[in-house]
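*Asks:* Build me a model:
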Amino acid sequence: MSEAAIHATAVVDPGAKLGAGVRIGAFTIIGPEVEIGDGTVIGPHCSIHGPTTIGRDNRVHGHAAIGGEPQDKKFRGERVELIIGDRNTIREFVTINRGTGDGGGATRIGDDNWLLAYTHVAHDCIVGNHCVFSNNATLAGHVEVGDHVILSGFVGIHQFCRIGAHAFIGMGAFVNGDVPPFVMVAQDGYGRPRGINAEGLKRRGFDAERTTAIKRAYRALYVSGEPLEAARARLSELAHDSADVRAMLAFIDAGARPLLR
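*Replies:* Numbers count the residues shown, from 1 in each chain. So this is what the prediction gives:
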């Protein structure tokens with residue numbers, strides 16, 4: 001693979017490390033302690049501040065601001081970082097902040113994600129793999145997002161919330177509680193559960209048996225009208241025969257914030 005190609009108007013700090021085949025667009029600024037992996041393309045008018053590590057074969061489009069200081073009044077300039085994996089697409093005007101010393105010190109984004117225009121990932125967030133964040137979706141600080149999650153346009157996730165794997169958050173929903181895996185949330189003032197993400201599961205190869213077990217778990221948790229403890233007991237019974245229900249149960253048991261119900 002060829003050496004990095006840097007536009008004549010770009011500014012790259014001598015302390016930055018660029019892999020083979022990296023391309024840096026016009027008027028882009030790459031700061032110190034930035035490491036960019038092989039084959040990654042950074043568009044024009046971007047700013048990338050360190051300490052930030054970006055993996056290989058990512059595509060960052062124009063005007064993205066990556067690795068900026070956290071928007072947190074408790075931040076005092078401590079050394080914190082941003083870590084981005086491989087093959088992510090980061091579109092125009094996306095903003096991704098580094099972590100905070102009190103929040104673990106790092107913001108982390110996995111592999112194969114699509115972050116569409118104007119999305120924001122705040123300090124100390126952890127994003128999994130194969131997620132899609134549609135335009136203007138926003139994560140507040142300390143949010144955790146599992147694999148294969150879709151956030152529709154203008155979604156807002158409250159700080160410290162967790163979004164389980166394969167969840168789907170509908171357009172304009174504001175989420176202020178933990179969303180279990182596989183659950184679909186729709187706008188209703190603040191977001192409210194509205195069934196499971198059946199179409200998404202079908203597209204990812206979930207068979208009828210797996211989907212039926214997830215539906216039973218959803219009904220126990222959200223349709224039965226039972227208090228959470230009683231619903232959890234029912235999930236424990238269903239979990240004997242379903243790894244997916246066990247994943248839902250483990251997610252619920254690991255939560256520090258209230259479950260979105």
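
*Asks:* low pLDDT regions in the stretch 151-261 of the chain?
*Replies:* For the stretch 151-261 of the chain, applying pLDDT under 70 flags the ranges 189.

*Asks:* Now do the helices in the protein.
*Replies:* 198-203, 208-218, 228-239, 243-253 (DSSP state H).

*Asks:* so which of those gets nearest residue 52?
*Replies:* Closest of the helices of the chain to residue 52 is helix 243-253, at 29.5 Å (criterion: C-beta to C-beta). The C-beta positions use only the backbone N, C-alpha and C, and glycine is treated the same way.

*Asks:* and the angle from the closest one to helix 208-218?
*Replies:* Here helix 243-253 runs at an angle of 30 degrees relative to helix 208-218 (axes from the mean of the first three to the mean of the last three C-alpha atoms, to 10 degrees).

*Asks:* Which elements pack onto helix 243-253?
*Replies:* Secondary-structure packing of helix 243-253 (3 or more C-beta pairs under 8 Å, 6 or more residues apart in numbering; DSSP states H and E): helix 208-218, helix 228-239.

*Asks:* Tell me the gap between it and the middle of its chain.
*Replies:* Computed by C-alpha atoms, centre = their mean, to the nearest Å, the chain-centroid distance of helix 243-253 equals 20 Å.

*Asks:* ok, now stretch 26-45?
*Replies:* Offset of stretch 26-45 from its chain centre (C-alpha atoms, centre = their mean): 21 Å.

*Asks:* Any idea how far apart the tips of it sit?
*Replies:* 6 Å (C-alpha to C-alpha, to the nearest Å).

*Asks:* For it, the averaged confidence score.
*Replies:* The pLDDT scores in stretch 26-45 average 98.

*Asks:* could you redo the helices and strands packed on helix 243-253 as JSON lines and give each row mean neighbour count and distance to residue 132?
*Replies:* JSON lines is the format used below for the helices and strands packed on helix 243-253 (neighbours: other C-beta atoms under 10 Å; distance: least, C-beta to C-beta, whole Å):
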{"stretch": "helix 208-218", "mean neighbour count": "17", "distance to residue 132": "20"}
{"stretch": "helix 228-239", "mean neighbour count": "15", "distance to residue 132": "28"}
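
*Asks:* Same list, these, but as CSV with distance to residue 2 please.
*Replies:* Output for the helices and strands packed on helix 243-253, formatted as CSV (distance: least, C-beta to C-beta, whole Å):
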stretch, distance to residue 2
helix 208-218, 45
helix 228-239, 52
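
*Asks:* mind checking which of those is nearest residue 151?
*Replies:* helix 208-218 (19.7 Å).

*Asks:* send the alpha carbons of that closest one over as CSV?
*Replies:* Taking Å, rounded to 0.1, in the frame of the first residue of the first chain, the C-alpha atoms of helix 208-218 are listed here in CSV:
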residue,chain,number,x,y,z
ALA,A,208,-38.8,-18.1,13.9
GLU,A,209,-38.0,-20.0,17.1
ARG,A,210,-35.6,-17.4,18.4
THR,A,211,-37.9,-14.5,17.5
THR,A,212,-40.9,-16.2,19.2
ALA,A,213,-38.8,-16.6,22.4
ILE,A,214,-37.9,-12.9,22.3
LYS,A,215,-41.6,-12.0,21.8
ARG,A,216,-42.6,-14.0,24.8
ALA,A,217,-40.0,-12.2,26.9
TYR,A,218,-41.2,-8.9,25.7
